[in-house]
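# sequence below, structure please.
(one chain, ligands or ions: 1)
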Amino acid sequence: MNDIASSKIRKGVDTGYKEKYNYFLPKITAKKIPYAEHAANAFDAQLPLRPEEIVFCKRCVMSNQRPRIIIDEKGVCSACNYFEYKRRHIDWDKRRKQFEELLDQHRRKDGRYDVVVPCSGGKDSGLLAHKLKYEYGMHPLCVTWSPLLYSNIGFQNFQNMILAGLNSVLCSPNRILQRKLAKLCFVMQGDHFEAFSRGQIYYPFHVALDEGVDLVMLGENQELEYVGDTKNVDIPYNPIEDWEGYYHKDTSFKKLLEFGCEHGYLDEEDINDPSLKWYAPPPREKFAKAGIKFRWYGWYFNWVPQENYYYVAEHYNFQAMPRRSEMTYSKYASLDDLTDPFHFYMMLIKFGIGRATSDAAHEVRDGHLLRDEAVALVRRYDSEFPEKYFKEFLRYLDMAEEEFWSVVNTYRSMAPHVWEKVNQKWKLKCQVS
Ligand SMILES: [Zn+2]
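Numbering: from 1, shown residues only. A predicted model of the protein is given here:
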């Protein structure tokens with residue numbers, strides 16, 4: 001077991017500590033909206049594809065409810081098989097040479113940026129930008145789409161990354177519009193975090209286009225590393241045609257906006273806001289004409305998140321949380337945003353997969369946890385409700401608590417194979433063992 005996980009279990013560290021935030025969050029919704037009724041017609045193409053019978057991978061702890069996962073006839077999931085493939089078949093020396101050749105093609109010495117790195121300030125993108133500059137002599141521009149509500153530790157880590165000598169652009173789009181989008185996505189996609197993840201994915205490509213940079217580099221291909229579609233296993237990117245399906249539940253931004261305008265989530269002024277374009281990719285022709293390449297760093301190097309943490313801790317004093325994050329045992333991943341526990345919570349509601357499952361599954365594959373230990377961690381933490389910043393989250397969405405639960409329970413009712421009510425309490429029907 002890794003030291004981070006084991007120390008928490010030994011000491012029984014909890015999440016009791018809470019920092020005070022006093023964010024200015026004015027009301028955003030003018031009229032009464034039937035949220036639960038809308039949620040019942042969710043825009044999430046993944047939901048009808050969930051298998052009725054829940055099966056867990058025999059090697060890690062992931063279940064077959066995860067979108068695009070394949071569990072083979074031996075009971076092993078696609079991510080575990082990908083890890084086996086990585087161990088046996090990938091020639092990492094060859095991949096490293098390919099990486100160096102790629103950088104040689106793009107490195108500039110004319111005072112301009114040569115690579116855009118979408119950077120949250122987290123450990124993974126921080127490692128990538130730092131290495132590109134200091135190990136490979138590149139001139140990266142770190143492009144950050146601000147978290148919805150910055151946590152103190154997230155902002156501190158972001159500042160430390162910049163203080164290490166990296167150039168950075170931080171975009172904080174119209175926050176009122178963003179909150180309206182977050183609310184729309186919470187109701188219609190069961191995931192308010194779409195208002196972050198859309199900008200996080202697309203804004204750096206807009207910047208690359210504006211700055212005339214034709215290489216965008218990201219950390220790891222999450223589809224491969226954390227279970228999903230393996231069809232792009234032999235290429236160092238995901239084609240743009242796949243993005244809507246992989247990252248946005250197969251729902252176009254246009255469809256969301258139309259629904260939002262029609263049903264009182266957005267108004268006409270919102271639709272004319274200049275920041276709106278950053279939630280969608282740049283026009284396909286412009287993108288192709290500029291010849292922008294997008295590459296995964298994790299395709300060229302063996303991706304181990306815990307090692308990334310050690311790297312950034314050493315090189316620019318990246319800080320982990322003093323206590324574990326809610327719903328999991330880990331302290332060093334996804335720290336930036338006060339609202340992101342609710343992204344994980346809704347994943348639990350829709351798929352029965354919580355944050356501890358996601359963390360433990362890849363730590364088993366990385367050899368940092370035994371499966372039995374992972375099972376214990378999942379059973380202990382996965383279903384925890386993220387209480388700590390719940391009030392801030394309700395204020396962020398401008399929702400009453402009963403409205404929040406009406407949406408949650410609508411999604412829960414769409415997963416009768418995942419949830420059952422026992423003694424007036426919701427329980428997962430099936431847990432990993
Ligand atoms: Zn597995």
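
# show me what the helix or strand containing His38 is in contact with.
His38 is part of helix 35-39, with elements assigned from DSSP states H and E. Here helix 35-39 makes contact (Cβ atoms under 8 Å, 6 or more residues apart in numbering) with Val187, Met188, Gly190, His263, Met399, Glu403, Ser406, Val407, Asn409, Thr410, Tyr411. In this view, the C-beta of every residue, glycine as well, is placed from N, C-alpha and C.

# quick one: buried ones out of the residues you listed?
The neighbour-count test (16 or more other Cβ atoms under 10 Å) marks Val187, Met188, Gly190, His263, Met399, Glu403, Ser406, Val407, Thr410, Tyr411 as buried among the contacts of helix 35-39.

# of those residues, which is the nearest to Val213?
Nearest to Val213 among these: Met188, at 33.9 Å, using Cβ to Cβ.

# the strand or helix carrying the closest one: what's the following helix or strand?
Using DSSP H and E, Met188 falls within helix 175-189. For helix 175-189, the following helix or strand on the C-terminal side (DSSP H and E) is helix 194-211.

# now that next one: how far from the chain's centre is it?
14 Å (Cα atoms, centre = their mean, to the nearest Å).

# list the helices and strands that helix packs on?
Helices and strands touching helix 194-211, by 3 or more Cβ pairs under 8 Å, 6 or more residues apart in numbering; DSSP states H and E, are strand 115-118, strand 140-145, strand 167-171, helix 175-189, strand 215-218, helix 243-247, helix 284-290.

# swap in 7 Å and give it another go.
Counting contacts by 3 or more Cβ pairs under 7 Å, 6 or more residues apart in numbering; DSSP states H and E, helix 194-211 packs against strand 115-118, strand 140-145, helix 175-189, strand 215-218, helix 243-247, helix 284-290.

# orientation of the second one relative to strand 167-171 in degrees?
Angle of strand 140-145 versus strand 167-171, following axes from the mean of the first three to the mean of the last three Cα atoms, to 10 degrees, is 20 degrees.

# sorry, back to before: identify each buried residue in the helix holding His38, please.
Tyr35, Ala36, His38, Ala39.

# out of those residues, the closest to His368 would be?
Ala39 (37.2 Å).

# contacts only, for the closest residue to that closest one other than its chain neighbours.
Counting by Cβ to Cβ, 6 or more residues apart in numbering, Thr410 is the residue found nearest to Ala39 once chain neighbours are left out, at 4.1 Å. Residues in contact with Thr410 (Cβ atoms under 7 Å, 6 or more residues apart in numbering) are Ala36, Ala39, Ala40.

# could you check which residue of the stretch 251-400 of the chain lies nearest the ion?
Closest to the ion within the stretch 251-400 of the chain is Ala361: 6.2 Å, counting by Cβ to the ion.
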